[in-house]
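**Student:** Just the structure for this:
(2 chains)
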Amino acid sequence: EAQVTQNPRYLITVTGKKLTVTCSQNMNHEYMSWYRQDPGLGLRQIYYSMNVEVTDKGDVPEGYKVSRKEKRNFPLILESPSPNQTSLYFCASSLRETQYFGPGTRLLVL
Amino acid sequence: GQQVMQIPQYQHVQEGEDFTTYCNSSTTLSNIQWYKQRPGGHPVFLIQLVKSGEVKKQKRLTFQFGEAKKNSSLHITATQTTDVGTYFCAGNFGNEKLTFGTGTRLTIIP
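**Tutor:** Numbering: from 1, shown residues only, chains lettered A, B, ... in the order given. Just a heads-up that it's a prediction; the model follows:
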C-alpha cells in the first residue's frame, strides 16, 4: 500500500532534550516536506527536499534540522526543543502535484 | 512575505445547503491546490488548478481559479455530513514551496 509513515505518532518531551521524528515513504517520490499545524495558523512548511542531499528552508525553519540521505526517508530533528515547538507535525511526499501526507505526529514540549 | 488568505475561518451550514470558501493572494500564483482534512485526520489532496480562469468539478465540488491567478474558490453544492472537515487552499508562487491558507472549518447541522 502506498503510504507515508511517521514515528512516533505522539511524543511528550522536556525542553532541551534532542528528538527525531522519522518519516518514510514507499512511493519513490523525489519531493518530501515537513509541516507544522497550529490552531488558527493552518499548515506552515518547515523544510522541504527536492531529492537526495537537496534540502531547503520553508517558512518556519528555526529550531529544526532535516536530512535526506536516502530517497525514502526524511527525518525531522529538534536539537533543543522548546515549548513553542509544541504542535502537530506532518510529513508529506509528492511526485508531481499531489502531496501525500503522513498521519501526523503530535508533540508536546514541557 | 507571500501569504494566502482564506475566508471564512468557520462555516456552519444546514445539511443540503451550499458552502463556499475563498482564497486570496496579493501576488500572482503559479498554481493553487485544495486539500480536505477530516477531524483528527491528515490533509488529503483534492485538486490542483493551473490555468487562469480554470474551473474544475468533482461531483458536488466546484473549484475555480481567478483570471488574474490571485484568487480561488471551492464551492460545495448540497452539503452532506461526509463533507465535514477543514478545507485548505495552498498556493505555489513559482518556487517549490507551498503556502497554505489558514483553512475553513465546515460543520454540518443535520
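**Student:** so residue B:6 touches residue B:23, yeah?
**Tutor:** Yes - contact criterion CB atoms under 8 Å: residue B:6 and residue B:23 qualify, at 4.9 Å. Where you see a C-beta, it was placed from the backbone N, CA and C, and this is true even at glycine.
**Student:** Could you pick out the residues of chain B near chain A for me?
**Tutor:** B:1, B:6, B:9, B:31, B:33, B:35, B:42-45, B:48, B:88, B:90, B:96-103 (CB under 8 Å from any CB of the partner chain).
**Student:** Can you go through those and name the buried ones?
**Tutor:** Among the residues of chain B next to chain A, those scoring as buried are B:6, B:31, B:33, B:35, B:42-43, B:45, B:48, B:88, B:90, B:97-103 (criterion: 16 or more other CB atoms under 10 Å in any protein chain shown).
**Student:** check contacts around the one residue sitting closest to the centre of chain A.
**Tutor:** Note on chain A: the residue nearest the mean C-alpha position is residue A:34, at 3.4 Å, using CA atoms, centre = their mean. Residues near residue A:34 by CB atoms under 8 Å, 6 or more residues apart in numbering or on different chains: A:23, A:45-48, A:58, A:64, A:66, A:74, A:76, A:89-92.
**Student:** So, low pLDDT: which residues of chain B?
**Tutor:** B:1 (pLDDT under 70).
**Student:** Can you list the residue ranges for strands in it?
**Tutor:** Assigned by DSSP state E, chain B shows strands spanning B:4-7, B:10-14, B:19-25, B:31-37, B:44-49, B:55-58, B:61-65, B:71-76, B:85-92, B:98-100, B:104-109.
**Student:** elements contacting the shortest one?
**Tutor:** This points to strand B:98-100. strand A:42-51, strand B:85-92 (3 or more CB pairs under 8 Å, 6 or more residues apart in numbering or on different chains; DSSP states H and E).
**Student:** from those strands, which stretch is densest packed?
**Tutor:** strand B:85-92 (a mean of 24; mean count of other CB atoms under 10 Å in any protein chain shown).
**Student:** any common contacting residues for residue B:6 and residue B:23?
**Tutor:** B:89, B:101.
**Student:** Would you enumerate the residues in contact with residue A:93?
**Tutor:** Counted by CB under 8 Å, 6+ apart, residue A:93 has contacts A:4, A:25, A:27, A:29, A:31-33, A:74, A:99-100.
**Student:** And what about it, helix, strand or coil?
**Tutor:** Here residue A:93 is recorded as strand under DSSP: H, G, I helix; E, B strand; the rest coil.
**Student:** about what we covered before: let me have the helices and strands packed on strand B:98-100 in CSV, extended by distance to residue B:15.
**Tutor:** Shown next, in CSV, are the helices and strands packed on strand B:98-100 (distance: least, CB to CB, whole Å):
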stretch, distance to residue B:15
strand A:42-51, 26
strand B:85-92, 14
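**Student:** Residue B:77 is nearest to which of these?
**Tutor:** strand B:85-92 (14.3 Å; CB to CB).
**Student:** near chain B, which residues of chain A?
**Tutor:** So far as CB under 8 Å from any CB goes, chain A lies against chain B at A:31, A:33, A:35, A:40-45, A:48, A:50, A:56, A:58-59, A:90, A:92, A:97-104.
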